[in-house]
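Trainee: got a structure for you, letters missing:
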């Protein structure tokens with residue numbers, strides 16, 4: 001039995017495009033396009049940029065990421081997390097400058113693409129997703145909650161209140177009081193279709209498309225107006241034809257904010273895309289090129305921003321559906337983009353009749369799916385500290401700021417990890433003056449320690465000596481009693497950090513000052529080079545460093561004779 005292998009890694013600007021699986025790729029592209037249509041409409045409207053921005057974002061990000069990315073089966077389009085950030089960007093920039101805010105928001109999308117390309121060229125792809133799962137889970141769950149909260153207004157038949165999450169929460173009583181019954185009914189029916197569509201029907205048509213069609217038909221036939229003759233809020237007219245080119249637009253007063261927003265959007269897009277690429281790898285048993293993928297994603301977002309599309313990234317749902325339908329090469333993503341573009345150009349008139357409440361129901365369901373319910377239920381059983389970090393990240397994401405959430409979450413998680421590693425590694429710092437006990441030493445060296453009668457000390461370090469171990473080195477050294485000779489044994493040190501190296505240097509210097517016989521043995525490789533650069537070996541003669549541990553113990557015993 002053989003398993004599929006990654007496409008050959010040959011130097012190429014383009015993604016892996018194969019003609020060996022045309023039928024599978026085309027079917028995967030068609031299926032992914034069907035999934036993408038309702039999602040793109042929902043995310044475009046939810047972002048505040050409009051349905052057309054979501055549609056063209058799905059086409060352009062998907063096309064360029066498929067052409068130039070590094071994951072053959074990846075489908076890229078506007079996603080829930082990217083839409084949440086995009087919504088905040090559009091809201092803040094249009095509030096600051098109603099006339100040019102949207103132009104600046106599309107410029108932010110272009111800048112986000114530039115950041116992603118830079119990350120790719122700097123080969124940072126493999127580092128992007130190396131965050132603690134508690135932080136990623138909390139961040140994604142927080143984004144899911146934001147998406148849910150922001151859809152409450154449209155779900156109840158009203159516009160999204162100003163002020164983002166806090167504005168919506170504070171306006172919730174008023175939203176409930178003024179809820180428009182026909183639109184609430186449409187939104188509830190949409191959710192019911194998304195949740196309860198039988199698996200057999202899902203194989204034929206995606207629930208999102210069923211909900212979109214059923215909700216629109218129902219709104220045109222049975223629920224044509226609300227109380228008092230109020231019309232149901234719909235997408236409205238979508239400009240036909242290809243979108244116009246939008247050149248980057250900056251305002252000096254907003255430049256720093258635009259750059260920060262672009263960095264957040266770009267980094268989130270990297271995380272979103274590469275996590276999805278890992279999912280694609282696990283299903284297809286291939287291996288993606290992270291750095292090339294970031295470049296492809298960046299080109300896609302630049303193209304999307306240039307033509308008035310919202311930002312996008314690798315979409316897990318679209319990717320999984322594409323693979324399950326037979327898509328294996330970038331041809332599937334390219335065909336999906338082309339098919340979606342044809343649908344947009346031919347059926348914009350029909351799309352104008354789609355109720356906003358239906359799109360709100362679709363987007364709200366995406367928010368529910370983004371929340372990591374599985375880990376939320378188990379986190380406290382796995383690790384209390386991990387659960388607390390996750391809850392903190394969720395709260396910061398929803399109530400404060402995305403950057404603060406990730407930054408503080410990663411900082412706390414790393415501090416706790418370093419503390420645990422330091423505690424473990426501190427046990428590898430030993431000061432030994434007797435051959436008794438369970439020592440990793442040959443019998444003859446144990447015997448030499450016994451001959452020293454407590455006057456010869458073996459100061460032994462093992463494993464990776466990170467900066468957190470420096471305190472343990474100092475503590476063990478301070479506990480040294482009345483000895484004549486000290487042998488610093490670095491034989492088993494795999495890594496000697498700068499802080500730990502300085503602690504060793506300090507211990508050696510203090511031993512020399514007290515007139516003790518001092519030997520430093522066993523250092524090699526990077527450990528030896530680091531000590532040489534510190535100038536430690538200049539403090540000792542070569543006959544005290546260029547010898548074995550056994551010889552150092554022999555000389556130490558002789559020194560007390």
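Mentor: Sure, I can see it. What you see is a predicted model, and the numbers here were worked out from it, not measured in a lab.
Trainee: next, the buried residues of the helix or strand where residue 175 lies.
Mentor: Assigned by DSSP states H and E, residue 175 belongs to helix 164-177. Using 16 or more other C-beta atoms under 10 Å as the test for burial, helix 164-177 gives 164-165, 167-169, 171, 175. C-beta coordinates here come from the backbone N, C-alpha and C atoms, glycine included.
Trainee: which sections of the stretch 351-500 of the chain are below the confidence cut-off?
Mentor: By pLDDT under 70, the low-scoring segments of the stretch 351-500 of the chain are 425, 428, 435-439, 477, 479.
Trainee: show me where it has its strands.
Mentor: 429-432, 456-465, 485-496 (DSSP state E, counting those that start in this stretch).
Trainee: for those strands, which one sits closest to residue 158?
Mentor: Nearest of the strands of the stretch 351-500 of the chain to residue 158, taken as C-beta to C-beta: strand 456-465 at 57.5 Å.
Trainee: returning to that earlier point: can you tell me the average pLDDT over the helix or strand following the helix holding residue 175?
Mentor: For helix 164-177, the following helix or strand on the C-terminal side (DSSP H and E) is helix 181-196. Helix 181-196 shows a mean pLDDT of 93.
Trainee: same question for stretch 45-60.
Mentor: Rounded mean pLDDT across stretch 45-60 is 94.
Trainee: kindly report the same for stretch 317-327.
Mentor: 90.
Trainee: next: stretch 135-146.
Mentor: Mean pLDDT, taken over the full extent of stretch 135-146, equals 89.
Trainee: how about stretch 69-89?
Mentor: So the average pLDDT for stretch 69-89 ends up being 93.
Trainee: ok, residue 18 - contacts?
Mentor: 7, 25, 72, 328-329, 331 (C-beta atoms under 8 Å, 6 or more residues apart in numbering).
Trainee: could those be laid out in JSON lines, adding distance to residue 191?
Mentor: Below are these laid out as JSON lines (distance: C-beta to C-beta, whole Å):
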{"residue": "7", "distance to residue 191": "40"}
{"residue": "25", "distance to residue 191": "33"}
{"residue": "72", "distance to residue 191": "34"}
{"residue": "328", "distance to residue 191": "34"}
{"residue": "329", "distance to residue 191": "36"}
{"residue": "331", "distance to residue 191": "35"}
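Trainee: so which of the residues you listed are in helices?
Mentor: 25, 331 (DSSP state H).
Trainee: generate a ChimeraX selection restricted to the buried entries among the contacts of residue 18.
Mentor: Typed into ChimeraX, the line below selects the buried ones among the contacts of residue 18, using 16+ other C-beta under 10 Å:
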select :7,25,72,328,329,331
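Trainee: from the contacts of residue 18, which single one is nearest residue 411?
Mentor: residue 72 (36.0 Å).
Trainee: which stretches in the stretch 351-500 of the chain count as helices?
Mentor: Secondary structure of the stretch 351-500 of the chain (DSSP state H, counting those that start in this stretch): helices at 356-370, 373-382, 384-399, 402-426, 443-451, 470-478, 498-513.
Trainee: now what about the second one, what contacts it?
Mentor: This points to helix 373-382. Helix 373-382 has contacts (C-beta under 8 Å, 6+ apart) with 133-134, 137, 141, 386-387, 390.
Trainee: chain center to that helix, what's the gap?
Mentor: With C-alpha atoms, centre = their mean, to the nearest Å as the basis, helix 373-382 stands 19 Å off its chain's centre.
Trainee: got the angle for that helix vs helix 384-399?
Mentor: Orientation of helix 373-382 against helix 384-399 (axes from the mean of the first three to the mean of the last three C-alpha atoms, to 10 degrees) gives an angle of 140 degrees.
Trainee: and the residue nearest to residue 26 when sequence neighbours are not counted, how many neighbours?
Mentor: Spatially, and ignoring its direct neighbours in sequence, residue 26 is nearest to residue 335 (5.3 Å; C-beta to C-beta, 6 or more residues apart in numbering). The tally of other residues near residue 335 (other C-beta atoms under 10 Å) stands at 23.
Trainee: show me what the helix or strand containing residue 335 is packed up against.
Mentor: Per DSSP H and E: residue 335 is located in helix 330-351. Here helix 330-351 touches helix 22-47, helix 51-68, helix 316-324, going by 3 or more C-beta pairs under 8 Å, 6 or more residues apart in numbering; DSSP states H and E.
Trainee: could you give the angle of the longest one to helix 330-351?
Mentor: Going back to what we said before, that points to helix 22-47. Interaxial angle, helix 22-47 versus helix 330-351 (the same axes, to 10 degrees): 50 degrees.
Trainee: can you report how many residues lie near the residue nearest to residue 93 when sequence neighbours are not counted?
Mentor: Nearest residue to residue 93 in three dimensions, chain neighbours excluded: residue 101, at 4.0 Å (C-beta to C-beta, 6+ apart). Residues within reach of residue 101, counting by other C-beta under 10 Å, total 20.
Trainee: do the same with residue 63
Mentor: When neighbours are counted by other C-beta under 10 Å, residue 63 comes out with 23.
Trainee: quick one: it and residue 340 touch, right?
Mentor: No: with contact taken as C-beta atoms under 8 Å, residue 63 and residue 340 are classed as non-touching, separated by 9.1 Å.
Trainee: how about the contacts made by residue 399?
Mentor: Residues in contact with residue 399 (C-beta under 8 Å, 6+ apart) are 165-166.
Trainee: and the gap between it and residue 391?
Mentor: 12 Å (C-beta to C-beta, to the nearest Å).
Trainee: swap in residue 442?
Mentor: Applying C-beta to C-beta to residue 442 and residue 391 gives a distance of 52 Å.
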